[in-house]
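**Q** build me a structure from this.
(one chain, ligands or ions: 1)
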Amino acid sequence: MKILVIINPVAGSGKALRRLTGVKRWLSQSSHDFIYEISSTSDEMRSKIRGAPARGIDAIILSGGDGTVHQALPAIAETGLPFGYLPCGRGNDFARNIGLPPDLKSNCAFLSTPSFHRFDLPSINQKTPFVAVAYVGFDGEVNRLANAHKGYFGGTLGYIICVLKALKNFKPFEVEITIDGHTLRERVMMVSVANAPFYGGGMKIAPQAIMDDGVLDICIVKEISKFELLRQFPKVFKGTHVTHPRIMMAAGRTIKIVSNEERDLFADGEHAGKLPVECTVNNRTIRVLAPSNTNTLDSLK
Ligand SMILES: [Mg+2]
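**A** The predicted structure is shown next:
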């Protein structure tokens, strides 16, 4: 196979670039033919992907973060090329979601003998595809602060600072959520629509989400006190928040979220518009180079 490796030089504060020598050495042990290209902007990355079939390229490997994967999705979907991922970002939830090995060397070994999985590719307002989770409310506000402070502080401590800052000014809001035609109205802290279990750097918001079952999993955190939100927050890293009486889990294929208040929607860590939104899982899929222990229907059999 001829495989194009696209490196995002800014992901993870330059990690993809720093690890490039090692990646080239590890991948050179495979029988495939790898071409390495650096893309400084997401437009450049998408045009490289769109041009890949004409160059006889059989697969893409994205070396970057969750944002890199998210921004590549429209071009990946258009070409129908399978893609693999070398996690070099801050959160690396895509790696968690598809069950990639924890270190880059093992990842390279795995990519030398890849297997393909077909995953659902849901979209927002029939336009913006996302692969992990789309969300509005408290988690979106934390995301907005984390993106605004990129480079100032990273890691878990940085994230906790963003949570506390977001909590200070946060107010619950009223939404109308329609799941496959059934509508409910609630005052909520947040609504998350998940194609995959993990987002936000290891938060297991929808533990039961499966990436190829044609269904989106929804987590609705109803209005609770700030103290209670903070108390429940650590549980999301294990996915044990789901039993809380004010947290509702649901599933559906079309989820519409409307509010009278202006609220930003985020998806896969990136700003993805404002309410109202409709998240749908159609029959659109992507092919991913993923290990056999990936979170799929097959793996549950
Ligand atoms: Mg699903």
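**Q** hmm, Phe198 is touching Pro207, no?
**A** No - contact criterion C-beta atoms under 8 Å: Phe198 and Pro207 do not qualify, at 9.3 Å. C-betas here are computed from N, CA, C, even on glycine.
**Q** which of the two has more neighbours?
**A** Legend: neighbour count by other C-beta atoms under 10 Å for Phe198 and Pro207, higher for Phe198 (27 against 18).
**Q** what distance do you get for that one to the ion?
**A** According to C-beta to the ion, to the nearest Å, Phe198 and the ion sit 13 Å apart.
**Q** which ones are touching that residue?
**A** Shown in contact with Phe198 (C-beta atoms under 8 Å, 6 or more residues apart in numbering): Asp93, Arg96, Asn97, Ala132, Val133, Lys204, Ile205.
**Q** interface residues of this structure facing the ion?
**A** Contacts of the chain with the ion, taken as C-beta under 5 Å from the ion, map to Ile210, Asp213, Val215.
**Q** how about a cut-off of 8 Å?
**A** The chain comes close to the ion at residues 120, 194-196, 209-217, 251, 281, as judged by C-beta under 8 Å from the ion.
**Q** so which of those sit within strands?
**A** Judged by DSSP state E, the subset of the residues of the chain next to the ion located in strands is Asp120, Ala194, Leu216, Asp217, Ala251.
**Q** what's around the nearest residue to the first one once chain neighbours are set aside, how many residues?
**A** If you skip the residues right next to it in sequence, Asp120 has Val281 as its closest partner in space, 5.1 Å away by C-beta to C-beta, 6 or more residues apart in numbering. Here the number of neighbours of Val281 (other C-beta under 10 Å) works out to 20.
**Q** ok, now Ser31?
**A** Neighbours of Ser31 under the rule other C-beta under 10 Å: 7.
**Q** hmm, back to that, among the residues of the chain next to the ion, name the buried ones.
**A** The neighbour-count criterion (16 or more other C-beta atoms under 10 Å) marks 120, 194-196, 209-213, 215-217, 251, 281 among the residues of the chain next to the ion as buried.
**Q** roughly how far does Ser31 sit from the ion?
**A** For Ser31, the distance to the ion equals 34 Å [C-beta to the ion].
**Q** before we move on, what about Arg90?
**A** 25 Å.
**Q** mind telling me what element that residue is part of?
**A** Taking DSSP states H and E as the definition, Arg90 sits outside all helices and strands.
**Q** in the stretch 201-301 of the chain, which spans are strands?
**A** With DSSP state E, counting those that start in this stretch as the criterion, the stretch 201-301 of the chain has strands at 203-204, 216-222, 247-252, 254-258, 264-267, 270-274, 277-280, 285-289.
**Q** can you redo those as CSV with mean pLDDT?
**A** Shown next, in CSV, are those (pLDDT from 0 to 100):
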stretch, mean pLDDT
strand 203-204, 93
strand 216-222, 98
strand 247-252, 98
strand 254-258, 98
strand 264-267, 97
strand 270-274, 95
strand 277-280, 98
strand 285-289, 94
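**Q** what's the closest of these to Thr41?
**A** Nearest of the strands of the stretch 201-301 of the chain to Thr41, taken as C-beta to C-beta: strand 270-274 at 14.2 Å.
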